[in-house]
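S.K.: quick one: sequence and predicted model below, then my questions.
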Amino acid sequence: MEAMPHPDHGATTSTPRGERVIGRRGRRAWLQATGLGTLGVLSSVHLTDRPGNTLKSLSGAYAPPPEGSRFVQVREHELVGLRVTEVVLGKAELDDRLPMLVHFHGRGDQPHLPQGDHGGTPQTRLIFPWAPDRLGDGYTWYPLSVTDRSRDEKVLGHYIREQSDVVDKMLRELVSRRPTLGRPVVTGFSQGAMMTLALALRHAPRIGGAVPVAGWMPNFLVDENVQQGKVYPPIHAMHGRGDPIVKASPAVALIARLRELGLDATMEVFEANDHAMNKDMHARHREIVIELLADQRRALV
């Protein structure tokens, strides 16, 4: 399985906000092996918002599934200023009561849709929020990179806090309008992992589980958001030992700190030297996601 190259950490480029495309040039997403059955290779379907046809409500607009796919249904929305792609996998109706899995892409990337035959995939609603700002061929959640050592970490923390609150509003709207089994499970890579951690800590009552991959967050956000007696979702983090972009040691220390504070938080470190997921990481991510979604189903039995 090919690893995902890390995104460009260069300067932001501009483009009209309407021109957001899932294209053939998109990077091989870490989503590829999310574990909800065989997701297959990435979609080449183009989903473009056209001027005058901005999606502003959960009535959404139907979008074509990837070519040759079965039991993959797609809708597009705009909520609280974010573009959101909704995918229902498996033998389910679009508005059935389903568990929800939310994927956050990394810096300079964009969502990629699963394709293939999902007739045997557990019925699941996948939510793919798009980061708001252009960066190269993709999008970014925050206007600075974790690699920018010249900035005070409180600046990055400010943006993490701010964007997680926006995403929380989006998720509350989705859950109120989409019949959902249990609470959403959130997962993300790199910047998406920072978003995942922030939601698990700042908006814990609405999150069923968190799987941050190759991510980290400033320690002051832990101190700011973790309170004695409050219940937090399980956090299962993953990281490559030799990750050159988001270093493993601060991420390991962060999860250790969460455990000391009483959270159900684990970290698995893999022998990987790139800012990417290798085959073992994909396989383990698959197992964790499936179990967390199963927990949401079981909670209501």
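M.R.: Great, that's in hand. Only a predicted model underlies this, so the values are computations on that prediction, with no experimental measurement involved. Numbering: from 1, shown residues only.
S.K.: which SS class is the residue nearest to residue 273 when sequence neighbours are not counted?
M.R.: Closest residue to residue 273 apart from its sequence neighbours, by CB to CB, 6 or more residues apart in numbering: residue 242 at 3.4 Å. Bear in mind the C-beta positions are built from the backbone N, C-alpha and C, glycine included. The three-state assignment at residue 242 reads coil, by DSSP: H, G, I helix; E, B strand; the rest coil.
S.K.: likewise for residue 158?
M.R.: helix.
S.K.: what's around it, how many residues?
M.R.: 14 (other CB atoms under 10 Å).
S.K.: could I get the contacting residues of residue 144?
M.R.: By CB atoms under 8 Å, 6 or more residues apart in numbering, residue 144 lies in contact with 151, 155, 156, 159.
S.K.: just say helix, strand or coil for it.
M.R.: Applying three-state DSSP: residue 144 is coil.
S.K.: for residue 24, give me the pLDDT.
M.R.: Residue 24 carries a pLDDT value of 29.
S.K.: brain fart, residue 63
M.R.: So, for residue 63, pLDDT stands at 82.
S.K.: now it, which residues is it bridged with?
M.R.: With DSSP bridges as the criterion, residue 63 is bridged to residue 74.
S.K.: isn't it up against residue 83?
M.R.: No - between residue 63 and residue 83 there is no contact under CB atoms under 8 Å: 11.5 Å.
S.K.: give me the more crowded residue out of these two.
M.R.: residue 83 (23 against 19).
S.K.: tell me which element that one falls in.
M.R.: Secondary structure from DSSP states H and E places residue 83 in strand 82-89.
S.K.: how far off centre is that strand?
M.R.: Chain-centre distance of strand 82-89: 12 Å, with CA atoms, centre = their mean, to the nearest Å.
S.K.: got a list of contacts for it?
M.R.: Contacts of strand 82-89 (CB under 8 Å, 6+ apart): 20, 22, 36-37, 47, 49, 55, 60, 63, 71-78, 94, 96, 98, 111, 113-114, 118, 121-130, 132, 166-167, 170, 174, 178.
S.K.: low-confidence stretches in this protein?
M.R.: 1-60, 149-150, 300-301 (pLDDT under 70).
S.K.: that one: strands as residue ranges?
M.R.: 61-63, 72-79, 82-89, 100-104, 124-129, 133-135, 138-140, 185-189, 209-213, 235-240, 265-270 (DSSP state E).
S.K.: burial count for residue 160?
M.R.: With other CB under 10 Å as criterion, residue 160 counts 22.
S.K.: also residue 179?
M.R.: 11.
S.K.: the closest residue to it other than its chain neighbours: what's it in contact with?
M.R.: Spatial nearest neighbour of residue 179, chain neighbours left out: residue 97 (3.6 Å); criterion: CB to CB, 6+ apart. Taking CB under 8 Å, 6+ apart as the contact definition, residue 97 lies against 179, 180, 181.
S.K.: mind listing the helices for the chain?
M.R.: 153-177, 191-202, 219-225, 248-260, 279-298 (DSSP state H).
S.K.: deepest-packed of these, please.
M.R.: helix 191-202 (a mean of 27; mean count of other CB atoms under 10 Å).
S.K.: what packs against that one?
M.R.: The contact analysis (3 or more CB pairs under 8 Å, 6 or more residues apart in numbering; DSSP states H and E) places helix 191-202 against strand 100-104, helix 153-177, strand 185-189, strand 209-213, helix 219-225, strand 235-240.
S.K.: got the CA positions of the third one in CSV?
M.R.: Coordinates of each C-alpha in strand 185-189 appear next as CSV, following Å, rounded to 0.1, in the frame of the first residue of the first chain:
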residue,chain,number,x,y,z
VAL,A,185,-16.4,9.2,16.1
VAL,A,186,-13.7,11.6,14.9
THR,A,187,-10.4,10.9,13.3
GLY,A,188,-7.8,12.9,11.4
PHE,A,189,-4.3,13.1,10.1
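S.K.: partners of it, with directions?
M.R.: strand 100-104 (parallel), strand 209-213 (parallel).
S.K.: I'd like those strands written out as TSV, with distance to residue 265 added.
M.R.: Rendered in TSV, the data for those read as follows (distance: least, CB to CB, whole Å):
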stretch	distance to residue 265
strand 100-104	18
strand 209-213	9
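S.K.: between the ones you listed, which gets nearest to residue 256?
M.R.: strand 209-213 (14.2 Å; CB to CB).
S.K.: how far does the closest one sit from the chain's center?
M.R.: 9 Å.
S.K.: relative orientation of it and strand 235-240 in degrees?
M.R.: 10 degrees (axes from the mean of the first three to the mean of the last three CA atoms, to 10 degrees).
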